[in-house]
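Q: sequence plus predicted model, see below.
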Amino acid sequence: PSPNPSSAYPAPPVAQGPKKRSRWPLWVGLIVGIVLVIVLACCGGSYALYQTTLAPAVGSGTTVATFCVGEESQNYTSAYGELSHNLQSQISLATFTTDNQQFDSTKGPVTNCQVNSRGASSASGSRYTFTLDVTRDSTNSSNYSGSITVIKDGNNWRIDQIDPALPVT
């Protein structure tokens with residue numbers, strides 16, 4: 001026999017309550033989720049702001065720039081392509097080309113055509129009006145300034161009005 005009877009058998013395990021789980025991962029997940037929602041909301045807001053303010057301004061400005069390049073390079077088909085359906089219904093490509101060629105011979109070719117950054121520009125929904133400066137170089141360089149209006153025509157920005165003071169049509 002053993003001098004100590006209790007050493008022959010191990011002590012019974014002591015009953016313990018359920019282990020407490022750390023809530024740390026839950027808080028981290030909530031914080032990451034909130035930050036993600038804020039970032040996505042900012043991205044969506046930025047996109048909406050871009051679509052309503054910057055994209056139209058950029059699109060309409062590109063239309064005017066393309067028109068000017070056509071005028072400066074005497075590529076009147078390209079310049080005519082930037083006119084709205086409404087304006088194209090008022091003047092044919094042949095008349096537009098002939099008018100510009102007559103201006104080229106009487107007033108000199110367009111040597112500079114650009115939006116006047118100091119001039120008035122206005123926006124109203126899908127309509128933008130710019131001040132356009134045009135220089136025709138003949139024996140005496142002549143500068144012209146007038147308004148040009150660009151509208152959303154279908155999916156594209158197109159020129160819908162050209163000030164008669166501008167000798168480009």
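A: Everything's here; your move.
Q: only C-alpha atoms from now on, for both contacts and neighbour counts.
A: Fine.
Q: low pLDDT regions in the protein?
A: Counting by pLDDT under 70, the chain shows low-confidence ranges at 1-24, 41-59, 118-124, 138-140.
Q: now the helices for it?
A: For the chain, the helices defined by DSSP state H cover 24-49, 55-72, 76-80, 85-90, 93-107.
Q: can I get the ones you listed in CSV with mean neighbour count?
A: Formatted as CSV, those follow (neighbours: other CA atoms under 10 Å):
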stretch, mean neighbour count
helix 24-49, 12
helix 55-72, 20
helix 76-80, 20
helix 85-90, 13
helix 93-107, 16
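Q: which strands or helices does the longest strand anywhere in the chain pack on?
A: Ordering each strand of the chain by length in residues (DSSP state E) puts strand 142-153 first. The helices and strands touching strand 142-153, judged by 3 or more CA pairs under 8 Å, 6 or more residues apart in numbering; DSSP states H and E, are helix 55-72, strand 127-136, strand 156-162.
Q: ok, 7 Å please
A: strand 127-136, strand 156-162 (3 or more CA pairs under 7 Å, 6 or more residues apart in numbering; DSSP states H and E).
Q: which residues sit against the last one?
A: Counting by CA atoms under 7 Å, 6 or more residues apart in numbering, the neighbours of strand 156-162 from elsewhere in the structure are 59-60, 63, 82-84, 86-87, 147-152.
Q: try it again at 8 Å.
A: With contacts defined as CA atoms under 8 Å, 6 or more residues apart in numbering, strand 156-162 is touched by 59-60, 63-64, 82-84, 86-87, 146-152, 169.
Q: ok and that strand relative to helix 55-72, angle-wise?
A: Relative orientation of strand 156-162 and helix 55-72, computed by axes from the mean of the first three to the mean of the last three CA atoms, to 10 degrees: 60 degrees.
Q: report the buried residues of strand 156-162.
A: Trp157, Arg158, Ile159, Asp160, Gln161, Ile162 (16 or more other CA atoms under 10 Å).
Q: now for those: which two are most distant?
A: Trp157 and Ile162 (14.4 Å; CA to CA).
Q: quick revisit: what residues of the longest strand of the chain count as buried?
A: Of all the residues in strand 142-153, those buried under the rule 16+ other CA under 10 Å are Ser145, Gly146, Ser147, Ile148, Thr149, Val150, Ile151, Lys152, Asp153.
Q: measure how buried the closest residue to the last one other than its chain neighbours is and give me the count.
A: Read it as Asp153. Leaving aside its sequence neighbours, Asp153 sits nearest to Ser84 (CA to CA, 6 or more residues apart in numbering; 6.3 Å). Residues lying near Ser84 (other CA atoms under 10 Å) number 20.
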